[in-house]
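In: predicted model follows, preceded by the sequence.
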Amino acid sequence: MTQLQALIFDVDGTLAETERDGHRLAFNQAFADFNLGWDWSVGLYGRLLSVAGGKERIRHYVEHYQSSFVPEPDMTAFCTALHQAKTEHFKAILQAGAIPLRPGVQRLIQNARKHGVRLAIATTGTLDNVLALLQATLGPEAPDWFEVIAAGDIVPEKKPAPDIYLYTLDKMALAPEHCLVIEDSHQGLIAATRAGLNTVVTVNDYTRHHDMSAARLVLNHLGDPHRPFKALSGNTRQAYYFTLELAKSLLKTP
């Protein structure tokens, strides 16, 4: 069996259900700050999630839904300022304790630390958002548990490009066959797969209908002893919650 040396986590939708009642609300609050009169409904936001990255999502929305809008002083500066305001609102939502971790996430991270499995994060989200989520849910020291936190604009292309995962592998000096990725979306799955990484997907309301055929295992969540997961595809080896042993069994020799 190939040795498991690292777990690499996506963040939004993977560590926590941040999208619908976190980022979406923060975007709407930022729109109100800027007196834009825009509102991203639950359904619309689901469509906009096909665009990776918050600033990119704003630009896409303006170009396709608000084509008569003229940003000041220009599109890039407008998107950056609006996204910064949104980030502050999102951090406030986290600090209020409104967004818990998904089932099994804290347990798996703690077990990995206990058994010497290295940890990393690879996300299109901003570093500020990642740090705020980790500190709000796992404690102020939690960011130090992750050897690499690859986030935001640190690479040229966002998911589904493999750049963020290739960057993480390079920083950790690891071969992909010794790592397992935890993702939640088709875009993230494709990015990890293109980097040669085996991937487990834990779907959510926005991603449960995505094509996840490239995943080694698709679950509704990671589960806990008192809260079993539901396997949507793949071999769980009769496990009913996600463990390091199950993770090891999913690694394929290249």
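Out: Here it is on my side, so go on. Residues are numbered from 1 along each chain as shown.
In: can you list the domain ranges for the protein.
Out: 6-17+100-249, 19-95 (automatic domain parsing).
In: just name the most buried of those.
Out: Taking mean count of other Cβ atoms under 10 Å as the contact definition, the stretch among these with the greatest mean neighbour count is domain 6-17+100-249, which reaches a mean of 19. Where C-beta positions appear, they are placed from N, C-alpha and C, glycine not excepted.
In: tell me how far it lies from the chain's centre.
Out: If you compare the mean C-alpha spot of domain 6-17+100-249 with that of the full chain, they lie 7 Å apart, counting by Cα atoms, centre = their mean, to the nearest Å.
In: how about the contacts made by G54?
Out: H23, F27, H83, K86, T87, G125, T126 (Cβ atoms under 8 Å, 6 or more residues apart in numbering).
In: swap in 10 Å and give it another go.
Out: Taking Cβ atoms under 10 Å, 6 or more residues apart in numbering as the criterion, G54 is in contact with 12, 23, 26-27, 30, 79-80, 82-84, 86-87, 90, 124-126, 129, 152.
In: swap in A192?
Out: A192 makes contact with 8, 10, 122, 159-160, 162, 164-165, 168, 176, 179-183, 198-201, 214-215 under the criterion Cβ under 10 Å, 6+ apart.
In: return the subset of these lying in helices.
Out: Taking DSSP state H, the ones among these that sit in helices are I164, Y165, T168.
In: can you tell me which of those is nearest L219?
Out: Checking these against L219 by Cβ to Cβ gives Y165 as the nearest, at 20.1 Å.
In: how near is the spatially closest residue to the closest one that is not a sequence neighbour to K159?
Out: Counting by Cβ to Cβ, 6 or more residues apart in numbering, the nearest residue to Y165 once its immediate chain neighbours are dropped is A195, at 3.7 Å. If you measure A195 against K159 using Cβ to Cβ, to the nearest Å, the figure is 10 Å.
In: go on, A214?
Out: Spatial separation of A214 from K159 under the definition Cβ to Cβ is 13 Å.
In: can you check which residues contact both of these two?
Out: Here A214 and K159 have H186, L189, I190, A192, R194 as joint contacts, going by Cβ under 10 Å, 6+ apart.
In: among these, which lie within helices?
Out: Reading helices off those with DSSP H, I get H186, L189, I190, A192, R194.
In: quick check: the third one vs P160, distance?
Out: To P160, I190 is 4 Å away according to Cβ to Cβ.
In: E177: what's it in contact with?
Out: When contacts are counted by Cβ under 10 Å, 6+ apart, E177 touches T2, Q3, L4, Q5, G196, L197, N198, L251, K252, T253, P254.
In: same thing with D21?
Out: If you count contacts by Cβ under 10 Å, 6+ apart, then D21 has V42, I93, A98, I99 around it.
In: can I get the residues you listed in CSV including pLDDT?
Out: Conversion of these to CSV gives the following (pLDDT from 0 to 100):
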residue, pLDDT
V42, 96
I93, 97
A98, 94
I99, 96
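In: tell me the one among these nearest to R208.
Out: Checking those against R208 by Cβ to Cβ gives V42 as the nearest, at 14.3 Å.
In: spatially nearest residue to the closest one, not counting backbone neighbours?
Out: Taking Cβ to Cβ, 6+ apart as the measure, V42 lies nearest to R20, with 5.9 Å between them; neighbours along the chain are not counted.
In: one step back: among the contacts of E177, find the lowest-pLDDT one for me.
Out: For the contacts of E177, the least confidently modelled position is P254, at 54, judged by pLDDT.
In: for V203, list the residues it contacts.
Out: Applying Cβ under 10 Å, 6+ apart as the definition, the contact partners of V203 turn out to be 13, 183-186, 209-210, 212, 215, 218-221, 230, 232.
In: sweet, I'm off.
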